[in-house]
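Engineer: here are the coordinates; sequence isn't available:
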């Protein structure tokens, strides 16, 4: 039933009395997940980190800021539950509570979907900032899935955030774009890096940039490394984020990243053995430059 | 032969190629200077140094390297001969300061006609490895001019 709900009385202020009992003592953390380049796994990362953080008992809101190209709902398997979206809230057609969709499996995980049939430039940056603030009042974490690009959609996604996680694949194009995005973000967002879709076997053979190679250029605090595993595709097919389970290296990697985000001193990520084999060394000696 | 060994030992260069390409592209991204401007800067640099010493223009190398998220400009300027200032063009005083780095970057102590034997220790044709930072600058790389 699509009943238009009453707008907030005073226009811009978020509705403070909704679910008042659940308001955390302090504001939650709003973290934008961005990359510049498309297709590096921002949405999958957002879905899995949200799932992993919620599994720790935290209250998590996932915001799909990719207006016009809604995807986070389908990765989470919540597409059939979405009734309202970000723009409905910004336009004060519905309240946040009406627009937030609770996850099927996790009581403390919520999604605020993007509008599918609207344009990015319809988003009012200040309203977006206010909305994220309202979410911070009642969630421990607000993860914002940023659209690709560095235009208005990026600026709106970043508007309410205080922190940034940049997702980078070990490819020249992705590294270059992350470099650009980090330059745009500046130091205020204290960007941290997730290297996604790493193939350790290829790295070993010198056919893929290693985490060290990527971060020799980006020089960001490394939050974690996610290998390029077929199970990620399979779980996305099903709409069940991998981090819903704790089995397997990749799921563990997401949970470890979540723990690091929460401030736990989880051992530093050890993604691969960077050591060269004896023959590899021999090859590089014969080859001169590498 | 080399390729054979590389294949045999499973050594491939494509990640190294990726690194080098990234290094170059990011350098230009951060500089936000057109290649022509960089060439012009190189020519100007040589002109200034040439007032004090004779340099081998063809072997001058100007590169940019990253240090953390900042850029450094590295110049390698082989000196062919030391020109005693003629004192004609308003540079009467020897004023060694501006040329200091260039002198230090010379392949050997500057003396007449030593240029050809100077790079003996380096790879054939390649300029000597020794370089000295000419200028370190924290460019607009942290926040490009177009930010926000």
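Structural biologist: Noted; the coordinates are in hand. Predicted model, so just to flag it, every value in this text is computed and none were measured.
Engineer: so residue A:39 makes contact with residue A:148?
Structural biologist: Yes: using Cβ atoms under 8 Å, residue A:39 is in contact with residue A:148, at 7.5 Å. For glycine as for every other residue, the C-beta is placed from the backbone atoms N, C-alpha and C.
Engineer: looking at the two, which is more packed in?
Structural biologist: residue A:148 (18 against 12; other Cβ atoms under 10 Å in any protein chain shown).
Engineer: element containing that one?
Structural biologist: Residue A:148 belongs to no helix or strand when assigned by DSSP states H and E.
Engineer: now it: closest residue in space, sequence neighbours ignored.
Structural biologist: Nearest residue to residue A:148 in three dimensions, chain neighbours excluded: residue A:38, at 3.3 Å (Cβ to Cβ, 6 or more residues apart in numbering or on different chains).
Engineer: and that neighbour, its phi and psi?
Structural biologist: Backbone torsions of residue A:38, given as degrees, to the nearest 10, read phi -90, psi 160.
Engineer: neighbours of residue B:22, how many?
Structural biologist: Neighbours around residue B:22, by other Cβ under 10 Å: 22.
Engineer: could you list the low-pLDDT ranges of the stretch 151-290 of chain A?
Structural biologist: For the stretch 151-290 of chain A, the stretches with pLDDT under 70 are A:268-290.
Engineer: confidence score at residue 102?
Structural biologist: Defaulting to chain A. At residue A:102, the predicted lDDT confidence score is 97.
Engineer: wait, chain B
Structural biologist: 39.
Engineer: hmm, back to that, gap between the residue nearest to residue A:148 and chain B?
Structural biologist: Counting by Cβ to the nearest Cβ, to the nearest Å, the gap from residue A:38 to chain B is 19 Å.
Engineer: all helices in chain A, in order from the N-terminus.
Structural biologist: Assigned by DSSP state H, the helices in chain A fall at A:42-55, A:72-75, A:86-90, A:96-99, A:125-136, A:152-159, A:172-185, A:200-204, A:211-218, A:230-238, A:249-261, A:278-287.
Engineer: and the third one, which residues are buried?
Structural biologist: Meaning helix A:86-90. A:86, A:87, A:88, A:89, A:90 (16 or more other Cβ atoms under 10 Å in any protein chain shown).
Engineer: quick one on the thing from earlier: tell me the most buried of the helices of chain A?
Structural biologist: Across those, averaging neighbours per residue (mean count of other Cβ atoms under 10 Å in any protein chain shown) puts helix A:42-55 on top, at a mean of 28.
Engineer: hey, what's the closest residue in space to residue A:215 that isn't next to it in sequence bridged with?
Structural biologist: Setting aside the residues directly before and after it, residue A:215 is nearest to residue A:222 in space (Cβ to Cβ, 6+ apart), at 6.0 Å. Under the criterion DSSP bridges, residue A:222 forms beta bridges with residue A:193.
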